[in-house]
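**Q** Give me a 3D structure for the following:
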Amino acid sequence: MNAFARAQAAYASDGLSTTPTTKLLVLLLQRAMRDLDDAKRAISSGEIEAAHRALVHAQDIVHELRLALDPDGFDGGHGLADVYGYLADRLIAANASKRADLVAECELLLEPIASAFVDVAAAVREPAGFGTSA
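**A** The predicted structure follows:
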């Protein structure tokens with residue numbers, strides 16, 4: 001890795017380390033939605049490898065969201081964990097079959113979650129996350 005790449009990676013890491021947690025969740029969910037849109041587009045145009053990459057990335061995001069979730073931390077936490085689990089299964093099925101209708105189902109499941117986190121992020125002012133003292 002050259003010096004520019006190291007500096008770029010450090011800048012990105014520092015930026016994320018000072019981003020509030022709710023904002024990070026919003027960014028992750030928005031990226032997953034973009035991945036699903038990319039996957040649908042790739043499937044419809046026959047770009048199987050591009051669809052695979054987008055769906056795997058969305059799966060990775062859902063996996064990380066599920067790992068980060070404390071189901072006992074709020075009312076509905078266990079329900080959200082169940083939705084993440086179901087969503088992970090549907091993403092795997094969508095990737096295995098390259099069916100756009102399954103990707104669309106995933107979008108329908110993920111969109112209200114993303115929207116809810118956007119609302120929470122707008123309503124809550126929290127300090128920067130990941131061990132910083134803002």
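**Q** from here on, contacts and neighbour counts on C-alpha atoms
**A** Noted.
**Q** per-residue confidence averaged over stretch 119-133?
**A** Regarding stretch 119-133, the rounded mean pLDDT is 66.
**Q** How about stretch 82-92?
**A** For stretch 82-92, the mean pLDDT works out to 97.
**Q** Could you do stretch 67-75 as well?
**A** Stretch 67-75 comes out at a mean pLDDT of 93.
**Q** What residues of it count as buried?
**A** Neighbour counts over stretch 67-75 (16 or more other C-alpha atoms under 10 Å) mark residue 71 as buried.
**Q** Can you give the contact residues for that stretch?
**A** When contacts are defined by C-alpha atoms under 8 Å, 6 or more residues apart in numbering, stretch 67-75 is touched by residues 77-81.
**Q** Which of those are buried? Put it as a ChimeraX command.
**A** Selection of the buried residues among the contacts of stretch 67-75 in ChimeraX, burial being defined by 16+ other C-alpha under 10 Å:
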select :80,81
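**Q** Show only the entries of the contacts of stretch 67-75 found in helices.
**A** Here DSSP state H is the test, and the contacts of stretch 67-75 give 77-81 as lying in helices.
**Q** CA atoms only: put stretch 24-40 into PDB for me.
**A** Output of stretch 24-40 as PDB, limited to C-alpha atoms (Å, rounded to 0.1, in the frame of the first residue of the first chain):
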ATOM      1  CA  LEU A  24     -23.500   5.100  10.800                       C
ATOM      2  CA  LEU A  25     -26.600   2.900  10.900                       C
ATOM      3  CA  VAL A  26     -28.300   5.200   8.400                       C
ATOM      4  CA  LEU A  27     -25.200   5.100   6.100                       C
ATOM      5  CA  LEU A  28     -25.100   1.300   6.300                       C
ATOM      6  CA  LEU A  29     -28.800   0.900   5.600                       C
ATOM      7  CA  GLN A  30     -28.700   3.400   2.700                       C
ATOM      8  CA  ARG A  31     -25.700   1.500   1.200                       C
ATOM      9  CA  ALA A  32     -27.600  -1.800   1.600                       C
ATOM     10  CA  MET A  33     -30.600  -0.300  -0.300                       C
ATOM     11  CA  ARG A  34     -28.200   0.900  -3.000                       C
ATOM     12  CA  ASP A  35     -26.700  -2.600  -3.200                       C
ATOM     13  CA  LEU A  36     -30.200  -4.000  -3.700                       C
ATOM     14  CA  ASP A  37     -31.000  -1.500  -6.400                       C
ATOM     15  CA  ASP A  38     -27.700  -2.300  -8.100                       C
ATOM     16  CA  ALA A  39     -28.500  -6.100  -7.900                       C
ATOM     17  CA  LYS A  40     -31.900  -5.700  -9.500                       C
END
